[in-house]
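Student: predicted model and sequence follow; I will ask about them next.
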Protein chains: 6
Amino acid sequence: MRIRIVNPNTTASMTATIGRAAAAVAGPGTVVEAVTPTTGPASIESHYEEALAVPGLLEQIALGEQEGVDAYVVACFGDPGLDAARELAAGPVIGIAEAGFHAAAMLGRRFGVVTTLARTTGRAHELAERYGFASLVTEIRACEVPVLQLDDPASGARALVVEECRAVLAGGADAVVLGCAGMADFCAEVSREIGAPVVDGVAAATVLAESLVRLGLRTGKTGEYAPPPPKPVTGLLSGFTLPSSDVTPAPLDLAGVSA
Amino acid sequence: MRIRIVNPNTTASMTATIGRAAAAVAGPGTVVEAVTPTTGPASIESHYEEALAVPGLLEQIALGEQEGVDAYVVACFGDPGLDAARELAAGPVIGIAEAGFHAAAMLGRRFGVVTTLARTTGRAHELAERYGFASLVTEIRACEVPVLQLDDPASGARALVVEECRAVLAGGADAVVLGCAGMADFCAEVSREIGAPVVDGVAAATVLAESLVRLGLRTGKTGEYAPPPPKPVTGLLSGFTLPSSDVTPAPLDLAGVSA
Amino acid sequence: MRIRIVNPNTTASMTATIGRAAAAVAGPGTVVEAVTPTTGPASIESHYEEALAVPGLLEQIALGEQEGVDAYVVACFGDPGLDAARELAAGPVIGIAEAGFHAAAMLGRRFGVVTTLARTTGRAHELAERYGFASLVTEIRACEVPVLQLDDPASGARALVVEECRAVLAGGADAVVLGCAGMADFCAEVSREIGAPVVDGVAAATVLAESLVRLGLRTGKTGEYAPPPPKPVTGLLSGFTLPSSDVTPAPLDLAGVSA
Amino acid sequence: MRIRIVNPNTTASMTATIGRAAAAVAGPGTVVEAVTPTTGPASIESHYEEALAVPGLLEQIALGEQEGVDAYVVACFGDPGLDAARELAAGPVIGIAEAGFHAAAMLGRRFGVVTTLARTTGRAHELAERYGFASLVTEIRACEVPVLQLDDPASGARALVVEECRAVLAGGADAVVLGCAGMADFCAEVSREIGAPVVDGVAAATVLAESLVRLGLRTGKTGEYAPPPPKPVTGLLSGFTLPSSDVTPAPLDLAGVSA
Amino acid sequence: MRIRIVNPNTTASMTATIGRAAAAVAGPGTVVEAVTPTTGPASIESHYEEALAVPGLLEQIALGEQEGVDAYVVACFGDPGLDAARELAAGPVIGIAEAGFHAAAMLGRRFGVVTTLARTTGRAHELAERYGFASLVTEIRACEVPVLQLDDPASGARALVVEECRAVLAGGADAVVLGCAGMADFCAEVSREIGAPVVDGVAAATVLAESLVRLGLRTGKTGEYAPPPPKPVTGLLSGFTLPSSDVTPAPLDLAGVSA
Amino acid sequence: MRIRIVNPNTTASMTATIGRAAAAVAGPGTVVEAVTPTTGPASIESHYEEALAVPGLLEQIALGEQEGVDAYVVACFGDPGLDAARELAAGPVIGIAEAGFHAAAMLGRRFGVVTTLARTTGRAHELAERYGFASLVTEIRACEVPVLQLDDPASGARALVVEECRAVLAGGADAVVLGCAGMADFCAEVSREIGAPVVDGVAAATVLAESLVRLGLRTGKTGEYAPPPPKPVTGLLSGFTLPSSDVTPAPLDLAGVSA
C-alpha cells in the first residue's frame, strides 16, 4: 500500500517532519511518501496562502494518480483543496484537521483544539462544522506562534502548547487535537505532560487512510465527487487531462503550475 | 495487539459472522477475538433488549481488562453500553454505528444508512446526533428484516438491502452504512451491485480500534470517563471490584450477571 | 390514579425522600408509590452504574404493569432506561431530568442546571439535546457533592447548591433545575434564597405524569415504542413474557434479576 | 386555584368550546374561566390578526392580575403575546402551542402537527424552534379549513384532520398535536380513529398551568420577564399602571383598548 | 423612490434622530420619510411595550400603502410587527435588527451586538435565530442605559457603548451591530474609536430597502405573507379594509387605533 | 464609486452578461467594471475548477486595490476565494451566492435555490450553512444544464429553470435564488412567469456592495481578515507584495499567474 502525504506548503524541512510523523505510525508493508509542491507559499496562515497552495497540492495528487498511489493525506490543518483532491483521486483523501477531529471524537465526549495563530481559528471552526464535529468541539485556542517558528526552541512553542492544552482540559474536553502539521513532533510529549490524549492530525490521517484502503473504501463517485467535467483551462494545470468518468488517470503537463 | 469484538447478543452464530468480518480486515500481528456474553437477548431490536444486553457486554469488557485486551469493539448498531465500557476499559472502545459513521463521513459529503427494523431508526438518529454526524446523514432506511433472519436466504434480505441502498444513493448520499452487525457478510457484494462505497461497521470498527492503538490513543480519563467511583452494588456484577483511578483491573466475580 | 416513582438506585432512604417529594405535590385521589429495585448500585454517578441500574428499574416497571399502575416516574437525573420503560409500559413514563427541563422551559426563556458531580454533566447535556432543550440550557454546573452525601449536613451541600444556583442566574437564566433526585428536599429553600424559580425533577415528573393521565395521553405505540418483539433472553429478566402488541401485561419471573 | 383561559379572538362561541375543553381536564378544586377580549379579530390566521389580538389579550391578563388569577392559558396556536403576558402576570402563563408541544414530546421521540391554513405553518415552526422542539417535529401539515369553519359539518374538517393525522403517523411521528384551539372538540375522536395519541393544546395547557401552580413555580422575574419599566403610553392600554417590581397589580383603565 | 421609516415608539425627537440617520445614507432621488405612530409607548424595552407599539406601527404601514410608499423600515431593534407589516405592504419591509445583522454578516465571519438593557437581549437572540444568524453572533452585550437616556450626555452612553464594543471585538467578532435605533448618532464615532466596522441598523435598513426596490424585489405573496383573509375586527384598526389578494390598498378608518 | 465584478471563469461572453446585469441595477454615479481573469477554467462546475479559478480571481482583486476599486463582487455561485479576497481588499467583497441568499432572506421566511448541475449543490448547501441561512433554505434544485449551455436556446434552460422554480414554490418557499451567474439574464422573465420574487445573485451583489460602501462599511481587519503575513511564495502570484497591515496596496508582479 502506498500513501502520499502532501505538505501543501513549500518548506521542505516541514515536509520532512511530516514524513517522519507519518512513517512512525504506518503499518508494516505501507509505503509512506511525503512530498512538497513546486509552487505555493512557505507556510499557510491565511486564506490567501491557502488559495495559493491548492494548485501545487492538486499537482501532487494528479501525479500520484499516474503513479498508482492508493491514498492521500493533505497535511495542513486548513485541509486546503480537500474536495478538489477527492474529485481527482480514485482512492481516499483525508485532511489532517478531518483526521484529528475523527480520532479525538472517539476518545470521549468532547475535545478541544490548540493551533498556531488566532486568525486561523475561523477556518478550523468552519471545518469542524463541515465534518459534523461543531457540537463536540469545546474551544479552539491559539498559542500565537507562527508555523515556521514552531520548531525554533526560542519560540517557546512547546511550553505554550502545553499551557493551552491544559486550558482546554480545564474547559471540560476529554482530548486535545493539535492544530498544525508542524506540531507533529510535540504530540507524545505534550500528552505525557498533560495526562490526557493528544492527537496529531498527520499521524491520525496516515492510519485512517490506511484503514480505508484496508476496508476497500474509496470516495463515492456517483455525485459531487465524480471527476470534473472536461473543459478548457487557461494557465494553471492547463495541460492536465482530467480523469474521465471511468477514473483512468491521464497524461499530465504541469507547465502551468510551475511558472 | 489484541482486540476484543463483543457481540452484545447471545446468538453464537452471529458472533462467528462478526468475528470473520473483523478478522478479514485486521492487520498482521493483530489478534481479533469475538466473544458472546453469558446473559442477554438473542438479538437486539428494541430499547428493552438493548438494556438487557448491557450488563453481559460489560462483563466481557471487565474480563478483557483482566486479560490485557488493548481495545474493544461493541458489535451492535445501537452501540449499547459504549459510555459505560469506556469508563471500564483503559484502552479505546468503539461502537459499530460510531465506526460506520466515521468511515462513511470520509468518503464524501453525506451518507445514508440501511438498517433492519424501522423501530430502531430512532436510536440510529440519536447516535448520529451524539457523534456529530446528524447533518451528514441523508436518511436512515429500514429493510424490515429482523436481525436473526438476515442470513436466511428465504428472507430475501440481500436484495432488499440492495434496493434500499439504491434509494439512499438516489437521495444524494455519497456512501451507505449498513446498520446491523448481521449485515457484515453482505457488504462487498452490495457495494459492487450499487457502484458506490458501502460500509460495514464491524470491519470499520476493527480497523479504527487498531488505528487508535497504533497512535497510542486511549479514552480520556480526566473527566466523564474516569473509572466509576467505588460503591456497593446489589445483584448484577455486584462482586466486581471497579478499576481504581490508576486504572488497574481488579478481581472479578460474575455471579451477579450469570443468574 | 396510581403513579409509581422508581428510584433506580438501591438506597432505601433516598427512595423515602423521593416518595415524600412526590406525595407533596400529587393531586387528591392520586396514589403515589415510591419503589426501590432489588438489584443495582447504591447511587448513580457514572454510565457504568446507570447501566447496572436499568434491569432492576425495568423489573419495577414490569411489576407495575401487572399491578395496574397508570404512570411511572424514573427518579434519577440521567433518566436511565426511559426508552426501554416506554416500550414496556402502557401508560406514560417520565424521567426527572425530562420533567425538570419541561417545567423550567415554561418559566422563562432559558434555564440552567445544578447537579452533583461534574462527571455527570455530559449525560445531562446529552439529555437536554435529546429532549430538544439544548438551546434553552445556559449551563450545567456541578456542586461536586456525591449523591449519598447530599443529605449529610457535613457536606455543606445546601450552601454549595445555593452558590451554584446564583451563578446560574448571573449567567442569564430565568430558572434553575436541580440535577439530582437527592436534592428534592432543598428545592423550596433554595428558591427562597435565590429569589428565582427552582425546579425539583421528582415533583415536576409527578405532576406531569398525573397531567398526561388526566389528558388520556399514553406513549405512542405505532413505531419505536411498540412492545419489544418476543424472543429468547438468557439470564436477566429472562422469564419475563413481553407484553404483546395488544399491550396486555404477562406473568413475570424475576429470578434473572434478583441474582 | 383559579386559571384563566384567554381566547385571543373575539368569537364567543369559540371561547365556549375552549372553556369546555379546559374544564373537562381541570382537577377538582380548580376554577377554570374562559374569557373573550373586548377588541381584536374574529379569528387569527395571519400575523396581522395576531398583532391586533394582543392588546385585548393583555387586557384580560391585566384584569386577571387584579382579580387574583393564579395562572393563564393563551388559547391560540400562534401563542400571541405570550412573552408580554409573562411580564404582566405574577403566576405562570402557557400558550397552547407550547403546551401541545411539551405534552407530545413526552409521548415518544417525535411528533407532528396538524393545523388549519398552510399560511400559519411558518409561525408554528418558529414556535417549535423557540421552545426547543424543532428537532422533534417531523412536519406541520394543514387541512386548509379556516378556523371559523372547523365546527361547521359542511367543512368536512374532522375527516380532513384524521387524514392529515394519518399522514403524520406515516411520516414516523409517535404522536400528533392539533394546531388550533378550535379543534379541541375533535381530539378524543381523532385519537381513537388513528390509534395514536393526539394532543389538544387547550387541555394540555390547562393541566400544565395547574401543574406549575401546584409545584409553586412562577415565571422567573430576575431578567427578561421582570415587569416592564414604567413609562408614558399613548392610546392603547394607556391608563394601565404597570405592576411595579414587587408585582402588585395596579388600577387599570381600559379605555384605550375598547375604542 | 419613497421609503418610509417607522419609529414604532411615540417619542418624536427619536423619530427625528432616526430620520437624519436614514437620510444621510439614502441615494439621490430617494425620498426618506420618518414617521411616528399616534399610539404606543414612549420607548420599547419590554415585550409588553413591543406589543402595544405594533398596532400604531401597522397603521403607518397601511397609510403608506394608500400613499404609494415603495418600501418600509421598522426602526426598533426588536423588529416589532415585521411579519404583519409584510402581509400589509406590497413592497419590501425591513427591520433594523434584521438589516444590521445582514450588513454585519458581510463584513467578516462573525459579529457581536451592543444594545441598551440586558432584558432585551433575549429578543435579540431570538431574532438572530429567526433570520439565520445565530451561529454568526458571538455575543449580545448590554450597556444598561435606557433608550430615552442614550442622547443624554449625563448617561455616559457613548463611552459605555465604546467599552462594550471593545469587549465584543476581544471576543473574536469582526464587526459590531448597535442594538437600538437611538444609537444611530453614535455609529461613526464608535467605529473610529474601536478601529472596526460598526453597523447602525437604521442606516443599514434604509440602503437595503432601497436595494430591494432597485432590484425589483418584493415580499413573496404566494404563502405566509399573502394579504390577511378578510374578516370582522372589533376595536383596533377595525375600520381598515384589508388589501385584497390583488394587493390594492383600500380606504382606511383609523378610529380604532387612535383611541 | 467604483465596483469591480470579477467573473472567476475565463469565458469573456459570460463576463459580458454579468457586466450587463450589474450595470442595470447600479445607482447613478457608480462605475461597474466586469473583468475576466487571465488564468483559470472556462466554467466552474467542480471543486477542482473552483480551485483553479481562485489565483486568477485574486489577481483581479490585487490589481483592483492598486487602481482604487471601492468594492468587489465574486460572480460565481460557489463564491470561490471569497475569504482570501477579503484579506486582500480594503473595501467590501461580496459573493453572488452570499448576496442572493441575503436578498432572498428579506423577502419572506424561507427560500429555495435553482442551480445548474446537481454536483454543485453540496457546495451551495455548505455556503448556506456558512452564511447562516441553512435553516432558511427549503431546497436546492438543479436543472442539469451546464453553465456554458445556459444561453444556448437549444438547451431549453429557461423552461427548465421555470419548472424547477415552480417546484421550489410548491415546497413552501417565498422566493427563489438563481444559482449561477449565467442565469442573470433569465431573472425578470422567470419571476413574471412564476409570480414570485426571483433573485439574481449578480444584481443583488452589486447593490449590496454599493450599499456597504455608502454605509462606510468595510471588512473588519482586526482578526481573521487582516492582510496575510508577509512570506516567500514560489510560483503563483509570487511577485505580489502583500498589502501591509496599514492596507496600502503594493506593486504587483503577476508572472506567476499568467504562466
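Tutor: Cool, got the structure.
Student: the longest helix in chain A is where?
Tutor: Longest among the helix segments of chain A by residue count, using DSSP state H, is helix A:47-67.
Student: what residues does chain A have near chain E?
Tutor: Contacts of chain A with chain E, taken as Cβ under 8 Å from any Cβ of the partner chain, map to A:Ala118, A:Thr121, A:Gly122, A:Glu129. Using the backbone N, CA and C atoms, a C-beta is placed for each residue, glycine as well.
Student: now do the last one against chain D, distance only.
Tutor: Note on A:Glu129: its distance to chain D, by Cβ to the nearest Cβ, to the nearest Å, is 17 Å.
Student: again with the second one
Tutor: A:Thr121 sits 27 Å away from chain D when distances are taken as Cβ to the nearest Cβ.
Student: residues touching that residue, list them.
Tutor: Contacts for A:Thr121 (Cβ atoms under 8 Å, 6 or more residues apart in numbering or on different chains) come out as A:Thr115, A:Ile140, A:Arg141, A:Ala142, E:Gly172, F:Glu224.
Student: can you list those residues in CSV and add pLDDT and neighbour count?
Tutor: Listed next are the contacts of A:Thr121 as CSV, based on pLDDT from 0 to 100; neighbours: other Cβ atoms under 10 Å in any protein chain shown:
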residue, pLDDT, neighbour count
A:Thr115, 97, 27
A:Ile140, 98, 22
A:Arg141, 98, 21
A:Ala142, 97, 18
E:Gly172, 97, 19
F:Glu224, 98, 24
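Student: tabulate the residues you listed (TSV), appending distance to chain B and secondary structure.
Tutor: Formatted as TSV, the contacts of A:Thr121 follow (distance: Cβ to the nearest Cβ, whole Å; DSSP: H, G, I helix; E, B strand; the rest coil):
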residue	distance to chain B	secondary structure
A:Thr115	19	strand
A:Ile140	15	strand
A:Arg141	17	strand
A:Ala142	22	strand
E:Gly172	22	coil
F:Glu224	23	coil
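Student: what's the most distant pair in the residues you listed?
Tutor: The largest separation in the contacts of A:Thr121, counting by Cβ to Cβ, is between A:Arg141 and F:Glu224 at 15.1 Å.
Student: count of neighbours near whatever residue of the stretch 1-150 of chain A ends up closest to chain D?
Tutor: Using Cβ to the nearest Cβ, A:Ser135 is the residue of the stretch 1-150 of chain A that sits closest to chain D, at 12.2 Å. The tally of other residues near A:Ser135 (other Cβ atoms under 10 Å in any protein chain shown) stands at 17.
Student: please report how far it lies from C:Glu129.
Tutor: As judged by Cβ to Cβ, to the nearest Å, A:Ser135 and C:Glu129 stand 8 Å apart.
Student: same question, A:Phe186
Tutor: Distance from A:Phe186 to C:Glu129, counting by Cβ to Cβ: 34 Å.
Student: who has more neighbours out of those two?
Tutor: Applying other Cβ under 10 Å to A:Phe186 and C:Glu129 shows that A:Phe186 carries more neighbours, namely 22 against 19.
Student: hang on, the earlier thing: of the residues of chain A next to chain E, closest to E:Arg192?
Tutor: Set against E:Arg192, the nearest of these by Cβ to Cβ is A:Ala118 (24.0 Å).
Student: read off the pLDDT value for that closest one.
Tutor: Looking at A:Ala118, its pLDDT reads 97.
Student: same question for A:Leu212.
Tutor: Value for A:Leu212, per-residue pLDDT: 98.
Student: okay, now the domains of chain A?
Tutor: If you go by automatic domain parsing, the domain ranges for chain A are A:2-96+A:206-258, A:97-200.
Student: can you say which of these is nearest to C:Ala51?
Tutor: Proximity to C:Ala51, assessed across those by Cβ to Cβ, is greatest for domain A:97-200 (16.3 Å).
Student: end-to-end on the closest one?
Tutor: 9 Å (Cα to Cα, to the nearest Å).
Student: distance of A:Thr11 from chain B?
Tutor: Distance from A:Thr11 to chain B, by Cβ to the nearest Cβ: 25 Å.
Student: residues contacting the residue lying closest to that residue once chain neighbours are set aside?
Tutor: Leaving aside its chain neighbours, A:Thr11 sits nearest to A:Ala42 (5.2 Å; criterion: Cβ to Cβ, 6 or more residues apart in numbering or on different chains). For A:Ala42, the contact set (Cβ under 8 Å, 6+ apart) comprises A:Asn9, A:Thr10, A:Thr11, A:Leu148, F:Lys231, F:Pro232, F:Val233, F:Thr234.
Student: how does it look with 7 Å?
Tutor: A:Asn9, A:Thr10, A:Thr11, A:Leu148, F:Lys231, F:Pro232 (Cβ atoms under 7 Å, 6 or more residues apart in numbering or on different chains).
Student: so for the spatially closest residue to the last one that is not a sequence neighbour, what's the pLDDT?
Tutor: Of all residues beyond its chain neighbours, the one nearest F:Pro232 is A:Ala42 (4.6 Å), with distances taken as Cβ to Cβ, 6+ apart. With respect to pLDDT, A:Ala42 scores 95.
Student: report the separation between A:Ala42 and A:Leu52.
Tutor: Distance, A:Ala42 to A:Leu52, using Cβ to Cβ: 11 Å.
Student: circling back to that earlier point, switch the domains of chain A over to a markdown table; also include distance to F:Thr219.
Tutor: Listed next are the domains of chain A as a markdown table, based on distance: least, Cβ to Cβ, whole Å:
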| stretch | distance to F:Thr219 |
| --- | --- |
| domain A:2-96+A:206-258 | 12 |
| domain A:97-200 | 13 |
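Student: of all the ones you listed, which lies closest to D:Pro37?
Tutor: Among the domains of chain A, domain A:97-200 sits nearest to D:Pro37 (Cβ to Cβ), with 43.1 Å.
Student: a strand runs through A:Ala34, doesn't it?
Tutor: Yes: under DSSP: H, G, I helix; E, B strand; the rest coil, A:Ala34 falls within a strand.
Student: beta partners of it?
Tutor: With DSSP bridges applied, A:Ala34 shows beta-bridge pairing to A:Ile5.
Student: does it touch A:Pro8 like I think?
Tutor: No: counting by Cβ atoms under 7 Å, A:Ala34 does not reach A:Pro8; the two are 11.6 Å apart.
Student: the more surrounded of these two?
Tutor: A:Pro8 (29 against 23).
Student: do the longest helix of chain A and chain F meet?
Tutor: Yes: Helix A:47-67 reaches chain F (Cβ under 7 Å from any Cβ of the partner chain) through A:His47, A:Tyr48, A:Glu49, A:Ala51, A:Leu52, A:Val54, A:Pro55, A:Gly56, A:Leu58.
Student: would a markdown table of these with pLDDT and distance to chain B be doable?
Tutor: As requested, these are exported to a markdown table (pLDDT from 0 to 100; distance: Cβ to the nearest Cβ, whole Å):
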| residue | pLDDT | distance to chain B |
| --- | --- | --- |
| A:His47 | 98 | 21 |
| A:Tyr48 | 96 | 25 |
| A:Glu49 | 96 | 25 |
| A:Ala51 | 96 | 21 |
| A:Leu52 | 94 | 25 |
| A:Val54 | 97 | 18 |
| A:Pro55 | 95 | 22 |
| A:Gly56 | 95 | 23 |
| A:Leu58 | 96 | 18 |
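Student: now tabulate these in a markdown table and tack on distance to chain D.
Tutor: Shown next, in a markdown table, are the residues of helix A:47-67 next to chain F (distance: Cβ to the nearest Cβ, whole Å):
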| residue | distance to chain D |
| --- | --- |
| A:His47 | 32 |
| A:Tyr48 | 37 |
| A:Glu49 | 38 |
| A:Ala51 | 36 |
| A:Leu52 | 41 |
| A:Val54 | 36 |
| A:Pro55 | 41 |
| A:Gly56 | 43 |
| A:Leu58 | 38 |
